[in-house]
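**Student:** turn this into a model:
(one chain, ligands or ions: 1)
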Amino acid sequence: MSAIPARTAAPRVGFVSLGCPKALVDSERILSQLKVEGYELVQRYDDADVVVVNTCGFIDAAVEESLEAIGEAIAENGKVIVTGCLGKREEVIRQAHPGVLSISGPQDYASVMRAVHTALPPRHDPFIDLVPRRASEDEIGVKLTPRHYAYLKISEGCNHRCSFCIIPSMRGDLVSRPVDEVLREAERLVRGGVRELLVVSQDTSAYGVDLRYAEREWRGRRYETRMRALCEGLAELGVWTRLHYVYPYPHVDRIIPLMAEGRLLPYLDIPFQHASPRILRLMKRPGAVERTLERIRGWRAGCPELTIRSTFIVGFPGESEAEFEELLAFLDEAQLDRVGAFAYSPVEGAGANALPDPVPEALKQERLARFMERQAAISAARLEARVGSLQRCLVDAIDGELAIARSPADAPEIDGLVQIQDGAAAGLQPGQFVEVRIMGSDEHDLYGEVAR
Ligand code: SF4
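**Tutor:** Have a look, this model is predicted:
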């Protein structure tokens, strides 16, 4: 009796994703490819035939976390493939975990897939594998983020050489993706249900400079590979677009009108890092603080709704008390909405390690606490000013009676939330836009109800 050959069970892969939104995009690409090739993705070490760990190597704490994650995967499963930023420092990984199956750097999808194929050959199913499967135009990648928002990576690498950072040595100089490619990916994501696109790169304002702003065609119109043209294209998709990692360059002024017209979220994530010109020079970053403040004033005049998020480093080598005070004065002047801060910590291989006069750890922590206290009052006051307003929000989740949403001022995972107290009763669903009347605020979040 002839029998139809039984389909073998799909090979199962576990995946641990660490690091920044850019690493998350890499993870999503690898996961998409695994799915296309018929691998099953599983949540538990026990269920996996092999585990891929996508690591981060940005600061020493991230290296530690990555090494711990690799160790846990080895202890729980045994077969571990490592990729991501820390993969650039193979010796560090090999020393701690000599048993890993393979190590590759960021965006090296081919090496990860080769390692997976070696450890776990893809299932061949004669009934479905008659032709090689390709992702169709409508098929969107596997996203680690909820279905209604997605990170859109527009470039790799960075042309800056900030002295505290080793990303350029790990990821190389800026390599932009041509604008039509990015717009087509965004279009597919929106067709797949995405309602918010989060544009990420190392320096979004430098987008296209390596391609000399090459013009490409999308939907019958010519677009330059340049930040403003990209934003115009994304605006055509009719969903929220949020820009991350922008430098305060003069040409950023040109996207403010798009924000004022409601075509782009009035939100800028600009890592200022410090406000003392001397410290900025030591960091090898642009140091014209007065001009930065003027620029912020100009942006707000053009788009009063603008939310500015930033990050800072306190306790950089040589930072004097007076220079730290300059930073606090900048906070008062700039009135930023959202701020993250870190006490400086040396990163192996970074130029700043050679700078004299390190700030003692206790003093760094004390300055960090003072910085956060000063900014907390500013953030709380800016949130309070929104009480009584109507905000268009995007629902992320339903939690009991509440709908957990975000306003245009809140990027996922890093900013605050809007808790809608009658969200469940109003039948809201994740991925839905809703008008919310804001009734209260605290240091981070807003509280409101569905506007009738
Ligand atoms: S802009 Fe500076 S901190 Fe950011 S990736 Fe480039 S070198 Fe690193």
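**Student:** how about the helices in this structure?
**Tutor:** Using DSSP state H, the helices of the chain run over 21-36, 60-76, 90-96, 109-119, 167-171, 179-191, 227-235, 256-260, 277-282, 289-302, 321-334, 361-384.
**Student:** of these, which is nearest the ligand?
**Tutor:** helix 167-171 (3.9 Å; Cβ to the nearest ligand atom). Heads up, the C-betas are built off the backbone N, CA and C, glycines and all.
**Student:** does that closest one reach the ligand?
**Tutor:** Yes. Applying Cβ under 6 Å from any ligand atom, one finds helix 167-171 touching the ligand at 167, 168.
**Student:** residues in contact with that helix?
**Tutor:** Residues outside helix 167-171 that contact it (Cβ atoms under 8 Å, 6 or more residues apart in numbering) are 57-58, 85, 88, 105-107, 156-161, 202, 349.
**Student:** and for stretch 94-110?
**Tutor:** Outside stretch 94-110, the residues that reach it (Cβ under 8 Å, 6+ apart) are 22-23, 26, 29-30, 33, 50, 67, 70-71, 74, 78-85, 87-88, 90, 93, 111-112, 114-115, 118-119, 156, 170-171.
**Student:** and those, which are buried?
**Tutor:** With burial judged by 16 or more other Cβ atoms under 10 Å, the buried subset of these is 22-23, 26, 29-30, 33, 50, 67, 70, 74, 79-85, 87-88, 93, 111-112, 115, 119, 156, 170-171.
**Student:** contact residues of the protein facing the ligand?
**Tutor:** Counting by Cβ under 6 Å from any ligand atom, the residues of the chain near the ligand are 158, 160, 161, 162, 165, 167, 168, 202, 203.
**Student:** out of these, which are buried?
**Tutor:** For the residues of the chain next to the ligand, a burial check counting by 16+ other Cβ under 10 Å picks out 158, 160, 162, 165, 167, 168, 202, 203.
**Student:** re earlier: columns mean pLDDT and distance to residue 390 on top of the helices of the chain, output as a markdown table?
**Tutor:** Below are the helices of the chain laid out as a markdown table (pLDDT from 0 to 100; distance: least, Cβ to Cβ, whole Å):
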| stretch | mean pLDDT | distance to residue 390 |
| --- | --- | --- |
| helix 21-36 | 77 | 29 |
| helix 60-76 | 88 | 40 |
| helix 90-96 | 90 | 51 |
| helix 109-119 | 86 | 44 |
| helix 167-171 | 83 | 40 |
| helix 179-191 | 94 | 25 |
| helix 227-235 | 98 | 22 |
| helix 256-260 | 97 | 18 |
| helix 277-282 | 96 | 39 |
| helix 289-302 | 94 | 20 |
| helix 321-334 | 97 | 26 |
| helix 361-384 | 96 | 15 |
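**Student:** quick one: closest of these to residue 45.
**Tutor:** Residue 45 sits nearest to helix 60-76 of all these, at 3.7 Å, using Cβ to Cβ.
**Student:** so the closest one versus helix 21-36, what angle?
**Tutor:** Angle, helix 60-76 to helix 21-36, by axes from the mean of the first three to the mean of the last three Cα atoms, to 10 degrees: 30 degrees.
**Student:** let's number from 16 now, not from 1
**Tutor:** Noted, 16 is the first residue going forward, which turns the last one into helix 75-91.
**Student:** quick one, what contacts the closest residue to the ligand within the stretch 216-365 of the chain?
**Tutor:** At 3.9 Å from the ligand, residue 217 is the closest residue in the stretch 216-365 of the chain, using Cβ to the nearest ligand atom. Residues in contact with residue 217 (Cβ under 8 Å, 6+ apart) are 37, 170, 171, 172, 173, 175, 182, 186, 189, 260.
**Student:** and for residue 174?
**Tutor:** By Cβ under 8 Å, 6+ apart, the contact set of residue 174 is 183, 188, 189, 218, 221, 224, 225.
**Student:** report the buried members of the residues you listed.
**Tutor:** 183, 189, 218, 221, 224, 225.
**Student:** not including adjacent chain positions, what is the nearest residue to the fourth one?
**Tutor:** Which is residue 221. Distances taken as Cβ to Cβ, 6 or more residues apart in numbering place residue 189 nearest to residue 221, at 5.7 Å, with adjacent residues excluded.
**Student:** pop out the phi and psi values for that neighbour.
**Tutor:** Per-residue torsions, residue 189: phi -60, psi 130 (degrees, to the nearest 10).
**Student:** my guess is it meets residue 169, correct?
**Tutor:** No. Assessed by Cβ atoms under 8 Å, residue 189 is found out of contact with residue 169, at 10.3 Å.
**Student:** any idea how far residue 380 lies from residue 180?
**Tutor:** 22 Å (Cβ to Cβ, to the nearest Å).
**Student:** what's the local residue count around residue 137?
**Tutor:** Look at residue 137: counted by other Cβ atoms under 10 Å, it has 16 neighbours.
**Student:** quick one: residues contacting it.
**Tutor:** Counted by Cβ under 8 Å, 6+ apart, residue 137 has contacts 26, 52, 53, 54.
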